[in-house]
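Asks: Got a sequence here, can you build the structure:
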Amino acid sequence: MAKHKSMVGAGAAAVVVLVGLIAWRASATPSAPAAAAEAQDFYSVDDGATYFTAPVDLVPPFDWKGKQAVRAALFTCDGGATRFVGYLERYTPAAKKQVETARQRLKAGAKDSGPPTMALGGVEVRKPGKEGAWTSRMTPAAGQILQVKCPGGRSGTPEPVTP
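Replies: Below you'll find the model as predicted:
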C-alpha cells in the first residue's frame, strides 16, 4: 500500500510540474505572427553539450545543419552567470505530425486547429548527455527528469533561462 501511495504521489507531482512547464512555455510563445517570427528557443544537436537559439515555432526533432535538433531547457543557479541544459525535449513522430497538421490548418484559414487529440504523452524528455532513454512526459519517470538540480552538487534552486 505504501508503494502505491508513493507512486500516486510521484505521478501527481509529475502532473503539477508538467502543467507548470506547459504554462511557462505557453506564456513564452507569442500569438502574433510577427512576434512569433522573432521569438527564439534553445535547441541542441549534441545531447545538450552545447546549445543554440532558433525560432520557437520549430517542432523538434528537426534537421539543423545536417543534425537532429531537439529543444534544450536551460537553467541557471547563479543568477544567469552560468547556464546549463537541465533536460531535452522532443515530440514523438505521431505528435509532431499532429502539431504540424494543426499549424497547416491554421495557416490555411481554419478557425481552429482541429480536434484536440494530442496529449502530453506525445512529448518526450530525457537528461542531457544521453542519460537514459527518451521518456513520455506523462510517466512518473519524467517527473524525475524534469526535477532539475544545480550541477556539481551545488545548492540552490535552478531558475529557467529564456533567450
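Asks: Tally up the residues packed near the closest residue to residue 68 other than its chain neighbours, please.
Replies: Closest residue to residue 68 apart from its sequence neighbours, by Cβ to Cβ, 6 or more residues apart in numbering: residue 61 at 4.8 Å. From N, CA and C alone the C-beta is placed, and that goes for glycine too. When neighbours are counted by other Cβ atoms under 10 Å, residue 61 registers 21.
Asks: what's the answer for the one 5 residues further on, then?
Replies: Burial of residue 66 is recorded as 6 neighbouring residues (other Cβ under 10 Å).
Asks: And it, how far from residue 158?
Replies: 32 Å (Cβ to Cβ, to the nearest Å).
Asks: Before we go further, residue 144 is sitting in a helix, right?
Replies: Yes - looking at residue 144 with DSSP: H, G, I helix; E, B strand; the rest coil, it is inside a helix.
Asks: Which residue ranges of this protein form strands?
Replies: 40-44, 52-55, 62-64, 67-76, 84-91, 123-127, 131-136, 159-160 (DSSP state E).
Asks: Redo those strands as JSON lines? Include mean neighbour count.
Replies: Below are the strands of the chain laid out as JSON lines (neighbours: other Cβ atoms under 10 Å):
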{"stretch": "strand 40-44", "mean neighbour count": "20"}
{"stretch": "strand 52-55", "mean neighbour count": "14"}
{"stretch": "strand 62-64", "mean neighbour count": "14"}
{"stretch": "strand 67-76", "mean neighbour count": "20"}
{"stretch": "strand 84-91", "mean neighbour count": "23"}
{"stretch": "strand 123-127", "mean neighbour count": "23"}
{"stretch": "strand 131-136", "mean neighbour count": "14"}
{"stretch": "strand 159-160", "mean neighbour count": "14"}
